[in-house]
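**Q** Below: sequence and its predicted model.
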Amino acid sequence: MSQQTWFEEMANGIVLKLLIQPKASRTEVSGLHGEPLRLKIRVAAPPVDGKANAELLHFLKKKLNVTSSQLQILRGETSKSKDVFCAGVSRQAAEAALLVK
């Protein structure tokens, strides 16, 4: 039985597997979604000129308490499905900061 997760642990951080919904009423975590499993984040900014990506990175920076240089979009720059690397962040820290209780 394979265990599906919305993140991939790395030696120096974590890769978050995200599904982004732009033009939402506010920026927030919406929960786990889809197959393969991804963490859905609603973003208030529109998907124009990188505004949604900038809003997403700003949101993650605040929620995970990291600097901008610790975050990098690895895949999905122009897609709703994104993989974001968070340097120095553990699985436990990501779950505590992002999972909807």
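**A** Noted; the coordinates are in hand.

**Q** List the buried residues in stretch 84-101.
**A** Buried residues in stretch 84-101, defined by neighbour count with 16 or more other C-beta atoms under 10 Å: 84, 85, 86, 89, 93, 94, 97, 98. Any C-beta I mention is one placed from the backbone N, CA and C, and that applies to glycine too.

**Q** Relative to residue 7, how far out is the fifth one?
**A** Computed as C-beta to C-beta, to the nearest Å, the residue 93 to residue 7 distance reads 11 Å.

**Q** Looking at the buried residues of stretch 84-101, spot the one nearest residue 75.
**A** residue 84 (8.8 Å; C-beta to C-beta).

**Q** OK, contacts around the residue nearest to the closest one when sequence neighbours are not counted?
**A** Computed as C-beta to C-beta, 6 or more residues apart in numbering, the closest residue to residue 84 that is not its neighbour in sequence is residue 16, at 4.8 Å. Residue 16 makes contacts with 6, 7, 39, 60, 83, 84, 85, 86, 94, 98, as judged by C-beta atoms under 8 Å, 6 or more residues apart in numbering.

**Q** So which of those residues is the closest to residue 73?
**A** So of those, ranked by how close each gets to residue 73 (C-beta to C-beta), first place is residue 84, at 5.5 Å.

**Q** In helices, which of the contacts of residue 16 appear?
**A** Taking DSSP state H, the ones among these that sit in helices are 60, 94, 98.

**Q** List the contacts of the closest residue to the first one other than its chain neighbours.
**A** Read it as residue 60. For residue 60, ignoring the flanking residues on the chain, the nearest one in space by C-beta to C-beta, 6+ apart is residue 71 at 5.8 Å. Neighbouring residues of residue 71 by C-beta under 8 Å, 6+ apart: 57, 60, 61, 84, 85, 86, 87.
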